[in-house]
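Colleague: Sequence plus predicted model, see below.
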Amino acid sequence: MKGYVVLETGEQFEGELFGAEKEKDVHAEIVFFTGMTGYQEVLSDPSFKGQMVVFTYPLIGNYGINDSDFESLKPQVEALIISELNGAGHHYEANQPLAGCLQHAQVPYITGVDTRAIVKRIRKNGDMRAVLTTHPESVDFSATTPLGEQEVVSSVSVQAAETFGHGERHVVLLDFGYKKSIVSELVDQGNRVTVVPYSISFEEVVSLKPDGILLSNGPGNPKQLETRLPVIRKLAETYPTLGICLGHQLLALAFGGDTEKLNFGHRGANQPVIDQETNKVYMTSQNHSYVVKETSLTDTSLHARFFNINDGSIEGLEHKRLPVLSVQFHPEAHPGPSDSAQLFNLFKEMMSQGRESLYV
Ligand SMILES: NC(=O)CC[C@H](N)C(=O)O
C-alpha cells in the first residue's frame, strides 16, 4: 500500500509500505547507514532498538538472508527505509529473501523512497523522530518520547546468564544489547564467555571469577544508565576491562567524563580511525549517535587514544594506570572491515598480564 515517511520537521516522502498495520503508525528515531552491504547485521543488531534505518546504498536485499549473519536471535530495528528492494537474494548461502525475513519478523519496511533526499534532511537537522504511516496528514509527534529520553537496554539484555566456549580465560560480558560477533571473537580467542544481565551486581560478577570484563554495545542514550555507573567503575578498577560502543560511553561516564549526541550518527563500514599510540589507521565499522566529549576528560583518569579522522571525535580511551580500554567503533566488525580485530588481542594481553601490569 502507499505509505509515507514523515519527519519531525514536517517533511514527508512517499513509497510503497509493507508490514505496517493500516491504522497504526510506526514511531522511531530515524538514522542512516552508509555501508554498501550489511543489512542483515544491521537489522539484527540490538543497538538499533528504537530506530528506523535508511540505507544510503540504493540496492538492498540482493544477496538475501542467511543463517549465519544474524547478530541476535531476532530482527531489532523498528523499520527499514529502502530505495530499491531486490526480492530474489542471489547468494549461495541465502535461504530466504530479505522481504520474507522482515514479513516473518513483522518488521515494517518502505521501498521506492527517495532515500538520498531523506539523508540530506537528517544531515541538516540531525537524527530525529519519524513516522511510517498511511495517513501523513494526521501524524502526531506530541505523544512520543525521543529515543534519548527512553530506557531501552532492559528490553534487549538477557534475563539470565548464558555461557559460551570452554577456554580457561573467563570473560564476563555485561549485556547492554550485545552483538553475537563479539562473543564469537572472544570464543575464537580461547575464552569462556559468560553473558550476564546489564543490571548485575558487583558481588555477583566477583562470584563468577572473571579474568576480564567486556562492556557491550547497546541501544539508546548512555545517560539513561546512570544507576549502573558505580558498578561499572568498580568492575573496571578491579578487572582488565574492554568497552565497546555503548560500553565505551559508559566507561567514560563512570570515570567522570561526559557524552553528547552527534548531529547525525556514524553508521557504516568505512569510518577511518587513528590509534595515536601506534599512528596506525583502521577502517572501522560503526553504529552510534553519542560520543565522549574530549574536554570532559581533563580531570579524569582516562585519556583519548583513538580519534575519528573525518570529524576528529573521540573513538577510544584508555585508563592512565589500569588495564582499561574502550572503543567507540566495532572491532568485531559484522558488518564491515575487520582491520581493528587485533583490539581483542590487546584485551587478551591485558587479561594475561592481569591488572595494573600494563599501564604503570
Ligand atoms: N552500537 C552502540 O553501542 C551504540 C551506542 C549508543 N546507543 C549510541 O547510539 O551512541
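Modeller: Thanks, I have the structure now.

Colleague: Going by C-alpha atoms from here, please, whenever you check contacts or count neighbours.
Modeller: Noted.

Colleague: and the residue of the stretch 101-250 of the chain nearest the ligand?
Modeller: Of the stretch 101-250 of the chain, the residue with the smallest distance to the ligand, taken as Cα to the nearest ligand atom, is N217 at 3.3 Å.

Colleague: quick one: contacts for that residue?
Modeller: Neighbouring residues of N217 by Cα atoms under 8 Å, 6 or more residues apart in numbering: S47, D175, F176, G177, Y178, K179, G243, I244, C245, L246, G247.

Colleague: what's the burial count for the second one?
Modeller: Same thing as D175. Neighbour count of D175, defined by other Cα atoms under 10 Å: 27.

Colleague: thought it was touching S216?
Modeller: Yes. Using Cα atoms under 8 Å as the test, D175 is close enough to S216 to be in contact (5.7 Å).

Colleague: Report pLDDT for the residue of the stretch 1-150 of the chain found nearest the ligand.
Modeller: Relative to the ligand, the nearest point of the stretch 1-150 of the chain is S47 (4.8 Å; Cα to the nearest ligand atom). Taken from the predicted model, the pLDDT recorded for S47 is 98.

Colleague: need the strands for the stretch 151-300 of the chain, in chain order.
Modeller: Per DSSP state E, counting those that start in this stretch, the stretch 151-300 of the chain has strands spanning 162-164, 169-175, 191-197, 212-215, 241-244, 259-275, 280-292. These are given in chain order.

Colleague: Quick one, which of those gets closest to V113.
Modeller: The closest approach between V113 and any of the strands of the stretch 151-300 of the chain, judged by Cα to Cα, belongs to strand 259-275 at 19.6 Å.

Colleague: how much space between the spatially most central residue of the chain and V156?
Modeller: In the chain, the centroid-proximal residue (Cα atoms, centre = their mean) is S47; its distance is 3.8 Å. With distances taken as Cα to Cα, to the nearest Å, S47 is found 9 Å from V156.

Colleague: show me the contacts for I309.
Modeller: If you count contacts by Cα under 8 Å, 6+ apart, I309 has them with Q271, P272, V273, I274.

Colleague: Please identify which pair of these lies farthest apart.
Modeller: Checked with Cα to Cα, the contacts of I309 reach their widest spread between Q271 and I274, with 10.1 Å between them.

Colleague: Need the residues touching each of the two.
Modeller: Any residue near both Q271 and I274 by Cα under 8 Å, 6+ apart counts here, and that gives N308, I309.

Colleague: Might one say that the residue nearest to the centre of the chain is in contact with G220?
Modeller: Yes. Counting by Cα under 8 Å, S47 touches G220, with 7.3 Å between them.

Colleague: what does the stretch 1-150 of the chain have sitting close to the ligand?
Modeller: Taking Cα under 6 Å from any ligand atom as the criterion, the neighbours of the ligand within the stretch 1-150 of the chain are S47.

Colleague: ranges for the strands of the stretch 1-150 of the chain?
Modeller: Chain-ordered strands for the stretch 1-150 of the chain, with DSSP E, counting those that start in this stretch as the definition, fall at 2-7, 12-18, 26-33, 51-55, 59-60, 79-81, 84-85, 109-111, 128-133.

Colleague: mind checking how far P335 is from the ligand?
Modeller: Noted for P335: a distance of 12 Å to the ligand, by Cα to the nearest ligand atom, to the nearest Å.

Colleague: tell me the contacts of that residue?
Modeller: When contacts are taken as Cα under 8 Å, 6+ apart, P335 is in contact with T37, G38, E41, V42, A269, S285.

Colleague: If we use 6 Å, what do you get?
Modeller: Taking Cα atoms under 6 Å, 6 or more residues apart in numbering as the criterion, P335 is in contact with G38.

Colleague: Equivalent analysis for Y92, please.
Modeller: Counting by Cα under 6 Å, 6+ apart, there are no residues that Y92 touches.

Colleague: Could you tell me the per-residue confidence at it?
Modeller: 94.

Colleague: before we move on, what about E23?
Modeller: In the prediction, the pLDDT value recorded for E23 is 69.

Colleague: Give me every residue in the stretch 151-300 of the chain lying close to the ligand.
Modeller: Taking Cα under 6 Å from any ligand atom as the contact definition, the stretch 151-300 of the chain meets the ligand at N217, G218, P219, G220, N221, C245, L246, N287, H288, S289, Y290.

Colleague: burial count for E226?
Modeller: Other residues near E226 number 11, with proximity taken as other Cα under 10 Å.

Colleague: how much space between it and T300?
Modeller: Distance from E226 to T300, counting by Cα to Cα: 17 Å.

Colleague: and what of V153?
Modeller: V153 is 26 Å from T300, by Cα to Cα.

Colleague: Equivalent analysis for D275, please.
Modeller: Noted for D275: a distance of 20 Å to T300, by Cα to Cα.

Colleague: Give me the more crowded residue out of these two.
Modeller: Here D275 and T300 are compared on neighbour count by other Cα under 10 Å; more neighbours surround D275, at 16 against 13.
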